[in-house]
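Peer 1: Sequence and predicted structure below; questions after.
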Amino acid sequence: MSQIVSLWLHHSPRFGFACKSLSTGGPAYAEVVVAAGNVRGDQTFHYRIPDEFRRDLCPGQMVLVPFGSRQLYGVVVGLAEDSPVDETRDVLDLIGKSRVIDSEHLRLARWLAQHYGCPLFTAVELVAPPSLARHLHTVYTATGGGDKTNLLTGNDRRLLTVLLEHGELSAAEIQSKVGKTAATRGLDRMVGAGYVNRHVSLRFPEPAAERMVVGMPLPDGESTNAVFGRAHKQQELWEYLAGVGVPVAVPDLMRSVSASGSVLRNLVDRGLARIDHRWLLPYILAGPLGLGLRPQIEDDEAWSLLQSSMGRTPPETVLVQGEELDRWRLYASAINSEGDKGRQSIVVTPDATTAIDFSEWLAARSGLVVADSTKARTDAQRVALWRSARSGELDVVVGTRPAIFAPFTRLGLVIVDREEDRAHKNPSEPRYHVSSCAKELTRISRCMLLLGTETPRVATFYATETGQSRLILAGSDKPRRGAWFREGCREDVDRRLDRVVVVDTRRASTAGRYGVISRQLYMVLRSTVEANGRAVLYVNRRGSAALTICRDCGYVAQCPRCSRGLVQHRQIQQLICHICNWRGDLWHRCPTCDAGELRLWGYGSEAVAEAVTHLLPRARVVGIDSDRSVHELEANVASFGSGDADVLVGTQRMLRFGSLLRADLLGVVQADIGLQFPDFLAPERVFLNLMRLQRLVRGPNCDGRTIVQTVMPEHYVLDAFQKGSYARFFRAEMDQRRSEGLPPLRSLVKATFAHAEDSRAEEEARRTRLECETVLSANADVDVEILGPAPAFVRRQRQKYLWQLLLIGADVRRVLPIFHRGWTLDADPQDLT
DNA sequence: AGCACGCCGACT
DNA sequence: GTCGGCGTGCTC
């Protein structure tokens, strides 16, 4: 069944003549978000609603509207009795009969546009059906009328003839019949002059279907012999179907019974079997027929705390701190409890692996219909998933970032798992954060928000301190973690304190090549390997050397597109830019002075792996970094997991493999990258990264050692990490943020302007700062502080110079509409580079 | 996308 | 003065 929603209507003249007194009731104007890229900020446009649409038009519906000389589609976001502008044009047509976005998600879109300073249309696209524009189909018909005063060219006449002949054609079909020029230039003009009618419809694709055979009962009282007689093959087929009792896919059936297609056809023709189409929806995990074995609630205390939160009005935000399985148990209990009330849940995970694991785990433990949105790969599947969420067929959607926009209408609960994970922030416009969207969505929908983590972000934990959310510790081991989180450093509580060693690399003696491994780390590494243990070494950069410098003239290999040195990758014999991925051949002689001696400065994972191999010749060393193929990565993870490899040297990339990399020793080769940069977000980043790395050696069933090498052992990040105290880190970090009036006390937006000419970028940044100040000077008591302009940390990237402004203050949203074309806005950024 | 408008330099 | 190229902003 193809879903075609459409309505035929005639093109309206440019300015409507319809008399207001003829109005049949309903609002006169529609506020529309137009699908035009350059519309500034959250601007909308008002169109008069022709009488014939008044009854049907509602917010969330798609319409065709005139926009300049074009006809564009748009989404109605509101209805009004009056228009803020004098002259309005008419809504040309409705696209589909029903709304594609409900009012709650329209409000969410408005908030997104305001909070992140993106065009409203971009925000609307997030909450609309996936790849909306691709499902719009435009067809043209001849009206039979037209403005006879307009002279028709030969091309126009040909176009009309073709349309009259075929009745209804798409633009592509017209193009193939009359040629590209005649079609593209002619069509718009012919529509404008009233000769041709344009009609847009919304047609969603259907996912691929599988033919399923269902056995039907025999006619009343008849025996198999009487029914089938000598039709043995038919009987065999029917008996097989009766035996299995569930629908069987046609190919499977034919394989099992080895009958030809004609046998099945005869059986169906006689009414003894039926063919059903089952849509292939790989993302639906279990229906009401699922096992529904609810998980045992092992942590009664946490669950009863959570239940009391769930009962509150208005609903609360809760931060659940605990190990993964303990969090998952609480999530499942909460989801099941909402499901019992007929309410739906969204679970957002930072990566697809966790989404798959959790959705399968949950589906086996609830009688609810659970969908994993990361498994909906094709366009058709994604649309089908969207529609089944909207129609109420689903109870739970589990997925990565975009799952937060699942169009549920009976939403009861939103869960953001591992809320501190950087993957919850969208890397492109609009740079939304799942937790912030979830906070707003749950506020609008009046439902509960549950954030789960082992180590919360500063902003998230701050909310529990100010009473905006409640902290619930989950799992066994609560007293110890209670001390970490609330009472600051309590060394007697943590029996594993001595398992974290901080090595000051300014003083420590080194072992082996390049001086990257301290003597202390080497000793523990050696004893770990000798005892058949496993060690993970973390290095924050891939490659061999950060810089390649000529010993004679000091020439530094630099990226031609960025203001950054090229990193040496000796294994693949290339120089790579880590900003833009530019690649060049490794050189062995200086390209400027032809000297043969090159000096290497800094190191990456390749160099560390080399150093370890040199120090421990008998150890098996494998690497994990993004230079390797997926195949090689999996092989390396597997050999480390099975104990074939002793030492794993990995970059950030290895964190994706999480628990597969359990080890007895974690060595952080250099822990302080970023702490010396002028970026107040760096300490939080480093601390969260260390805590996450530590999970490789510490967990429910392991208690390994951690050795951290640093040049700033006195930094509060390393002090707090060594003492295992979140509270200690949090206090120091908040002191810093409070003294400078930074987030989470005030909002922060990073604005970046890119231009091929350095001076032009700087000039634009200055001009924009002035414009902001002019706007701000008009209102007293506005809390907005502007820092900059300053060049970005990496000043030139991909042949463009970047200049930044930092906007800080409670009222930063007021100046966001000033930034346009060429500016990139990042609200609540994760770094300042 | 396509048009209006304003700025600036070149030319009448 | 006026013409036109170009960059910028607007389209209900």
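Peer 2: Arrived safely. Numbers count the residues shown, from 1 in each chain, chains lettered A, B, ... in the order given.
Peer 1: Next, count neighbours for residue A:170.
Peer 2: Using other CB atoms under 10 Å, residue A:170 is surrounded by 12 other residues. C-beta coordinates here come from the backbone N, C-alpha and C atoms, glycine included.
Peer 1: Chain neighbours aside, what residue packs nearest to it?
Peer 2: Excluding the flanking residues, the one nearest residue A:170 by CB to CB, 6 or more residues apart in numbering is residue A:139, at 5.4 Å.
Peer 1: Show me what the longest strand along chain A is packed up against.
Peer 2: For chain A, the longest strand by residue count, based on DSSP state E, is strand A:785-797. For strand A:785-797, the elements it packs on are helix A:758-778, strand A:800-808, judged by 3 or more CB pairs under 8 Å, 6 or more residues apart in numbering; DSSP states H and E.
Peer 1: nearest to DNA strand C, of these?
Peer 2: Smallest distance to DNA strand C across those (CB to the nearest atom of the strand): 8.1 Å, for helix A:758-778.
Peer 1: roughly how far is the closest one from the heart of the chain?
Peer 2: Per CA atoms, centre = their mean, to the nearest Å, the displacement of helix A:758-778 from the mean C-alpha position of its chain is 32 Å.
Peer 1: Mind listing what's buried along that helix?
Peer 2: Of the residues in helix A:758-778, A:758, A:761-762, A:764-765, A:768-769, A:772, A:776 count as buried by neighbour count, 16 or more other CB atoms under 10 Å.
Peer 1: now do stretch A:597-605
Peer 2: Neighbour-count burial for stretch A:597-605, with 16+ other CB under 10 Å as criterion, is recorded at A:598, A:602-605.
Peer 1: can you map out the strands along the stretch 151-300 of chain A?
Peer 2: A:169-170, A:196-204, A:209-215, A:248-249, A:273-279, A:284-286 (DSSP state E, counting those that start in this stretch).
Peer 1: Quick one: neighbours of the residue in chain A that DNA strand C sits nearest to, just the number.
Peer 2: Across chain A, no residue is closer to DNA strand C than residue A:68, which sits at 2.6 Å (CB to the nearest atom of the strand). By the measure other CB under 10 Å, the count of residues near residue A:68 is 8.
Peer 1: Of all the residues in stretch A:704-716, which ones are buried?
Peer 2: Of all the residues in stretch A:704-716, those buried under the rule 16+ other CB under 10 Å are A:704-710, A:712-713, A:715-716.
Peer 1: now do the same end-to-end measure for it.
Peer 2: End-to-end distance for stretch A:704-716: 23 Å, by CA to CA, to the nearest Å.
Peer 1: Run through who's touching it.
Peer 2: With contact meaning CB atoms under 8 Å, 6 or more residues apart in numbering, stretch A:704-716 is reached by A:499-506, A:508, A:518, A:520-521, A:524, A:663-672, A:675-676, A:683, A:690, A:693-694, A:696-698, A:718-719, A:721-722, A:728-729, A:732-733.
Peer 1: hmm, 6 Å instead?
Peer 2: Stretch A:704-716 is contacted from outside by A:499-506, A:518, A:521, A:524, A:663-672, A:675, A:694, A:697, A:718, A:732, using CB atoms under 6 Å, 6 or more residues apart in numbering.
Peer 1: how about residue A:676, secondary structure?
Peer 2: coil (DSSP: H, G, I helix; E, B strand; the rest coil).
Peer 1: Quick check: closest non-adjacent residue to it.
Peer 2: Distance criterion CB to CB, 6+ apart; nearest residue to residue A:676, sequence neighbours excluded, is residue A:712 at 7.6 Å.
Peer 1: same check, this time on residue A:119
Peer 2: Looking at residue A:119 with CB to CB, 6+ apart, the closest residue is residue A:39, at 5.6 Å.
Peer 1: List the contacts of residue A:386.
Peer 2: Residues in contact with residue A:386 (CB under 6 Å, 6+ apart) are A:129-130.
Peer 1: cutoff 8 Å now
Peer 2: Taking CB under 8 Å, 6+ apart as the contact definition, residue A:386 lies against A:129-130, A:406-407.
Peer 1: correct me, but residue A:556 touches residue A:549?
Peer 2: Yes. Using CB atoms under 8 Å, residue A:556 is in contact with residue A:549, at 5.3 Å.
Peer 1: how far away is residue A:171 from DNA strand B?
Peer 2: 14 Å (CB to the nearest atom of the strand, to the nearest Å).
Peer 1: So that residue sits against residue A:140, correct?
Peer 2: Yes. If you go by CB under 8 Å, residue A:171 and residue A:140 touch, sitting 7.1 Å apart.
Peer 1: Between the two, which is the more surrounded one?
Peer 2: For the pair residue A:171 and residue A:140, the greater number of neighbours falls to residue A:140 (24 against 15), based on other CB under 10 Å.
Peer 1: thought residue A:128 was touching residue A:100?
Peer 2: Yes. Residue A:128 lies in contact with residue A:100 (CB under 8 Å); the separation is 5.7 Å.
Peer 1: what is in contact with these two at once?
Peer 2: Common neighbours of residue A:128 and residue A:100, using CB under 8 Å, 6+ apart, are residue A:75.
Peer 1: Looking at the buried residues of stretch A:597-605, which are in helices?
Peer 2: Using DSSP state H, the members of those that fall in helices are residue A:605.
Peer 1: closest to residue A:349 among the buried residues of stretch A:597-605?
Peer 2: Of all the buried residues of stretch A:597-605, residue A:349 sits closest to residue A:605, with 27.0 Å by CB to CB.
Peer 1: Check the gap between the closest one and DNA strand B for me.
Peer 2: Computed as CB to the nearest atom of the strand, the residue A:605 to DNA strand B distance reads 44 Å.
Peer 1: Tell me how many other residues crowd residue A:701.
Peer 2: Neighbour tally, residue A:701, other CB under 10 Å: 6.
Peer 1: separation between it and residue A:643?
Peer 2: Residue A:701 sits at a distance of 16 Å from residue A:643 (criterion: CB to CB, to the nearest Å).
Peer 1: Please apply the same query to residue A:56.
Peer 2: From residue A:56 across to residue A:643, the span is 67 Å (CB to CB).
Peer 1: Grab the nearest non-local neighbour of the residue nearest the centre of chain A.
Peer 2: For chain A, the residue nearest the mean C-alpha position is residue A:401 (3.1 Å; CA atoms, centre = their mean). The shortest distance from residue A:401 to any non-neighbouring residue, by CB to CB, 6+ apart, is to residue A:434 (5.6 Å).
Peer 1: got a list of what that neighbour touches?
Peer 2: Residue A:434 sits next to A:348, A:401, A:404, A:416, A:419, A:424-425 when contact means CB under 8 Å, 6+ apart.
Peer 1: pretty sure the residue nearest to residue A:170 contacts residue A:172?
Peer 2: No. Judged on CB under 8 Å, residue A:139 makes no contact with residue A:172 at a distance of 10.4 Å.
Peer 1: Kindly check the end-to-end length of stretch A:676-689 for me.
Peer 2: With CA to CA as the measure, stretch A:676-689 spans 16 Å from end to end.
Peer 1: Next, give phi and psi for the residue in the stretch 301-450 of chain A that DNA strand B sits nearest to.
Peer 2: Going by CB to the nearest atom of the strand, DNA strand B is nearest to residue A:429 of the stretch 301-450 of chain A, at 17.0 Å. As for residue A:429, its main-chain torsions (degrees, to the nearest 10) stand at phi -60, psi 140.
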